[in-house]
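*Asks:* prediction below, plus the sequence it came from.
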Amino acid sequence: HKEKMPSSIFKDNILKGKVALITGGGTGINFAITRQLGLHGCKVVIIGRRKHKLDEAVQKLTADGVDSFAIPGDVRNIESIKAFVNGTVDHFGQIDILVNGAAGNFLCCAEDLTPSGFKTVIDIDLNGTFLTSLTCFPHLKKSKGVIINLSATLHMGATDFQVHASAAKAGIDAITRNLALEWGAAYGIRCLSIAPGPIGGTVGMQKLAPKGTQNALANFIPLRRMGTVDDIGYTVVFLVSEAASYITGTSIVVDGGHILMRPAPPRSYVKAVTKKHKLKAKL
Ligand code: HXC
């Protein structure tokens, strides 16, 4: 647990006895989420399509002392979902936390999207999120568990060349609210979305912010840096912990304030034209 120590503010064992299933958990943001859950005492099961990526991930988790294993699967296929949910319960006996992380994306002008291109992203992100939640439901009901859906900020406003992913993520936020309402009232299950902003070193950023444009991006973020994968990992640790037991049905934006940015005159200009004498008189 050494590597976590310098930066995690949470106790090592706050998730002890919990079991998490993370779709897409082998790489990127989802791997960081998986690792942070594991470093805080949770047993983790990762799902992904590529066996070599899963093997690599389990190796790293094992080196960190995390009790983990992987099941190959694809959230576009209901039989595959049933198999990995059953596989998780066969191995660890329960599911307390479901992270719907599996997603696919690419830049594409709306008029150039093929029906299959649009459908592929909806199938992975939106349908995958619902069908995996549905399949995990009996187990989450037993554990009064938590669902964390990986959303985005794309659809808060609108984003160029992202009609497919924006539609999917808007739908995911609707699922978050509706499941929080229905399954919260009846079964005590919480459901939350996380909307990451630009996160450095991820496949998503490689695809959406081509080389050479990433450094300039920090100037459009109030906190003046790209996010890190652990920014998202720690957010998930908090949201699934008891400290967040009254938070449900909402989307948590983790973006350094990125969505707040609008074009504005330079700060120095505004300082220069501010009527200082009047302000002073008031004080
Ligand atoms: C236009 C494209 C395309 C592209 C694929 N398609 N890439 N269309 N531009 N660049 C179309 C194909 O033409 C095809 O339609 C259909 O989509 C399916 O493509 P396949 O390659 O057959 O699908 P598949 O191999 O299953 O791959 C799925 C994928 C792929 C989504 C296209 O990119 C993938 O597996 N991605 C997973 C990893 C990933 O993307 N991670 C980043 C997530 S970022 P036709 O008509 O030709 O059959 C993210 C964050 C969002 O989600 C928010 C960030 C701020």
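*Replies:* Thanks, I have it. Since we're looking at a predicted model, the values are computed, not measured.

*Asks:* roughly how far apart are residue 244 and the ligand?
*Replies:* Between residue 244 and the ligand the computed distance is 23 Å (CB to the nearest ligand atom, to the nearest Å). Any C-beta I mention is one placed from the backbone N, CA and C, and that applies to glycine too.

*Asks:* tell me the spacing between the closest residue in space to that residue that isn't next to it in sequence and residue 127.
*Replies:* Nearest residue to residue 244 in three dimensions, chain neighbours excluded: residue 238, at 5.7 Å (CB to CB, 6 or more residues apart in numbering). According to CB to CB, to the nearest Å, residue 238 and residue 127 sit 28 Å apart.

*Asks:* what's the answer for residue 24, then?
*Replies:* Using CB to CB, one gets 14 Å for the distance from residue 24 to residue 127.

*Asks:* out of the two, which sits in the busier spot?
*Replies:* Each of residue 24 and residue 127 has its neighbours counted (other CB atoms under 10 Å); residue 24 has more, 26 against 16.

*Asks:* the stretch 1-150 of the chain against the ligand: which residues are in contact?
*Replies:* For the stretch 1-150 of the chain, the residues in contact with the ligand (CB under 6 Å from any ligand atom) are 103, 104, 105, 106, 108, 114, 116, 117, 120, 121.

*Asks:* ok, then the element right after the helix or strand harbouring residue 186?
*Replies:* In this assignment (DSSP states H and E), residue 186 forms part of helix 163-187. Using DSSP H and E, the helix or strand that follows helix 163-187 in sequence is strand 190-196.

*Asks:* buried stuff in stretch 29-37?
*Replies:* Across stretch 29-37, burial judged by 16 or more other CB atoms under 10 Å covers 29, 30, 31, 32, 33, 34, 35, 36, 37.

*Asks:* so what's the gap between the one helix or strand residue 21 maps to and the chain middle?
*Replies:* Residue 21 is part of strand 19-23 when elements are defined by DSSP H and E. Relative to its chain's centre, strand 19-23 lies at 12 Å (CA atoms, centre = their mean, to the nearest Å).
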